[in-house]
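Colleague: quick one, what's the 3D model for this:
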Amino acid sequence: MCFSTQWFSLALFKKFYFQLVFFTSCTNLVIILLMLGATMRYETDYATLLILAACFALFYSYTNINADHKKIIRVIFCVLGIYSICVGAALGFTGADDHVKDKNPAAYKWTINFFKPLSCALFQFKPTWENVQLCFPLTTFTPVSTPCNDTSCSPEKSNESKAFDGRFDTEWEISNGMNGFLLVKRDSPAQVKSIWLLPRKTSLIESWQNVNCKFYFNNDLISDHCFSIKNSYKQRIHRITFNPIQVDKIELIFYNPNTIDLMNNNVDLNSLNPGYVEIAFETI
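Modeller: Residues are numbered from 1 along each chain as shown. I've put the predicted structure just below:
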């Protein structure tokens, strides 16, 4: 620690850190309780309290061990700190991401590429949409507002562009559990091998279990397949894979909405609003 017993007695040292962590915890708790009326963000902010509780336990126990054990603990903490930084960077920047990206784009890009192998390895255990964007080559398609010919599709405007805007605070959704229809195009053809889907999430994964994909090239239908998404009611990230195909237009019809929530309870079909936060197309 930075303080010497020459300036602080052991009893005063314990009392100081106890007061520091205790009052910080109380202040954080008061802020959380006050902010509940204004925003839902702080309702689940228990991580800060757990971190402060861990700091309190650490400071207290640290003052009661001998010097040799303190050296061992410092080495362990250094290793865990480096590990935490590496894993945190691999899982994606949060909070200061845009600031770092704008201030020093070269360093930001170098850091992202440096941790890319670790990000892709972690993707196998903890898939995230950020790692989908990082680890897989994706291409851009533009949604086209075209009414669905299927009578079971929703007749209302569905705001298809929200599933392709790269934002997590916008969603493309269809009300009353109806089928969804998307038509996407691009100016030049691309070799597409899979489709990534990030469904809406409420008390359940609000998406569909089946997708009918029609692939076009120069306005000619070259392939028409129906796909079933296994365990779509359990998994947040869905992937539809197929043999690589060169296309410039794709028509997607989503049907058979999920009606099972995360607690394995059935949900009324008419109360559902299935849709997607983001949709991406993977190339070879």
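Colleague: and T111, what helix or strand is that in?
Modeller: Assigned by DSSP states H and E, T111 falls within helix 105-114.
Colleague: by contact count, what packs against the next helix or strand after that helix?
Modeller: Next along the chain after helix 105-114, taking DSSP H and E as the criterion, comes helix 116-123. If contacts are counted by 3 or more CB pairs under 8 Å, 6 or more residues apart in numbering; DSSP states H and E, helix 116-123 sits against helix 67-91, helix 129-135. Just so you know, the C-beta spots here come from the backbone N, C-alpha and C atoms, and that holds for glycine as well.
Colleague: could you list the buried residues of the shortest one?
Modeller: Of all the residues in helix 129-135, those buried under the rule 16 or more other CB atoms under 10 Å are 129-132, 134-135.
Colleague: quick one, what contacts the closest residue in space to N270 that isn't next to it in sequence?
Modeller: In this structure, N270 finds its nearest non-sequential neighbour in N176, 5.3 Å apart by CB to CB, 6 or more residues apart in numbering. Contacts of N176 were listed using CB atoms under 8 Å, 6 or more residues apart in numbering, and they are 154, 269-270, 272-273.
Colleague: pretty sure C226 contacts N210?
Modeller: Yes - assessed by CB atoms under 8 Å, C226 is found in contact with N210 at 6.3 Å.
Colleague: of the two, who's got more company?
Modeller: Between C226 and N210, N210 has the larger neighbour count (other CB atoms under 10 Å), namely 15 against 10.
Colleague: shouldn't the more buried one be in contact with H238?
Modeller: No - if you go by CB under 8 Å, N210 and H238 don't touch, sitting 11.4 Å apart.
Colleague: what do those two both touch?
Modeller: Shared contacts of N210 and H238, counting by CB under 8 Å, 6+ apart, come down to I229.
Colleague: SS state for the residue nearest to N270?
Modeller: On the three-state scheme (DSSP: H, G, I helix; E, B strand; the rest coil), N176 is labelled helix.
Colleague: rewinding a little: of the helices and strands packed on helix 116-123, flag the one that's most buried.
Modeller: Highest mean neighbour count of these: helix 129-135, a mean of 18 (counted as mean count of other CB atoms under 10 Å).
Colleague: tell me which helix or strand comes right after it.
Modeller: Next element after helix 129-135 (DSSP H and E): strand 138-139.
Colleague: and that following strand, how far from the chain's centre?
Modeller: Taking CA atoms, centre = their mean, to the nearest Å, one finds strand 138-139 lying 18 Å from the centre of the chain it belongs to.
Colleague: likewise for stretch 234-246?
Modeller: 17 Å.
Colleague: for that stretch, which positions count as buried?
Modeller: By neighbour count with 16+ other CB under 10 Å, stretch 234-246 contains the buried residues 236-238, 240, 245.
Colleague: among these, which one has the lowest pLDDT?
Modeller: Within the buried residues of stretch 234-246, R236 has the lowest pLDDT, namely 90.
Colleague: quick one: that one is in a strand?
Modeller: No - assessed with three-state DSSP, R236 is coil; it does not lie in a strand.
Colleague: list the contacts of it.
Modeller: 127, 198-199, 201, 205.
Colleague: just the buried members of the residues you listed?
Modeller: Members of the contacts of R236 classed as buried by 16+ other CB under 10 Å are 127, 198-199, 205.
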